[in-house]
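Asks: Sequence plus the predicted model coming up.
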Amino acid sequence: MTEIPGLPTTLPCGRPTAALVEQVAEGRADRLDAHQRDCPHCRAALAEYARRWAPVAAVAAERPRAPTSSIEAALRALRGPGGEEEYGRIGSPQGHTRVAARVVVALARHLATGVPGVEVALGGLVADRHGAGGEVVPDVEVGVTGGSTAVRITLAAAYGQDLQALGERIRTVVARGIRDATGLEPVDVTVHVDDVFS
């Protein structure tokens with residue numbers, strides 16, 4: 001595994017980015033190990049790198065040799081999010097917008113709390129997850145890379161809820177809300193129901 005110039009050496013979770021790029025280049029982006037299944041940083045990076053590597057993969061699938069310019073363009077695109085692993089980046093013809101991971105955390109927490117059946121009083125949350133009024137709010141972890149984000153939400157549900165249906169509602173509301181508010185693509189929204197309150 002070699003270091004890729006312009007790309008940070010590790011994600012905030014500690015995983016080396018070169019290994020993730022190699023995983024994508026070898027066509028194994030969808031084969032997640034145990035850490036990657038639970039890590040929003042890895043999931044966002046894999047999705048972003050796969051999206052940026054797609055032009056090279058498409059050329060390779062047709063079997064002709066990829067022109068050097070295509071490979072260089074893909075590598076430049078991969079390097080684009082480098083150094084901004086805590087920020088999503090959305091490009092437009094007029095310029096770029098950077099969105100901090102903490103913004104996505106706050107948005108996801110707010111959106112999840114608004115879904116009927118979600119309780120905000122979650123006993124297993126860490127102390128710094130209290131809202132302005134002292135209430136405990138859902139625990140959210142986010143990974144962002146380029147225009148992709150992965151979100152993991154831990155919360156408590158109201159007693160009597162169909163938990164599978166509740167999870168689907170939360171995923172739909174959070175993904176749509178993040179996409180609409182930030183322009184980032186939520187490639188994964190994982191919901192952990194940690195407790196049930198009556």
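Replies: On my side now, so go ahead.
Asks: Show me what counts as buried in the longest helix that the chain contains.
Replies: Longest helix in the chain, counting residues (DSSP state H): helix 40-61. Across helix 40-61, burial judged by 16 or more other CB atoms under 10 Å covers 40-53, 56, 59-60. For the C-beta atoms, the positions are set from N, CA and C on the backbone; glycine is no exception.
Asks: and what of stretch 86-93?
Replies: 86, 87, 88, 89.
Asks: mean confidence score for that stretch?
Replies: What stretch 86-93 shows for mean pLDDT is 77.
Asks: could I have it exported to CSV, CA atoms only?
Replies: What follows is stretch 86-93, C-alpha atoms only, in CSV (Å, rounded to 0.1, in the frame of the first residue of the first chain):
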residue,chain,number,x,y,z
GLU,A,86,-14.3,16.7,8.2
TYR,A,87,-16.0,18.6,5.4
GLY,A,88,-18.3,17.6,2.6
ARG,A,89,-17.7,19.5,-0.7
ILE,A,90,-20.4,20.3,-3.2
GLY,A,91,-19.3,21.8,-6.5
SER,A,92,-21.3,23.9,-8.9
PRO,A,93,-20.4,26.0,-12.0
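Asks: The closest residue to residue 149 other than its chain neighbours: how many residues sit nearby?
Replies: Closest residue to residue 149 apart from its sequence neighbours, by CB to CB, 6 or more residues apart in numbering: residue 184 at 4.6 Å. Number of residues near residue 184 (other CB atoms under 10 Å) recorded here: 25.
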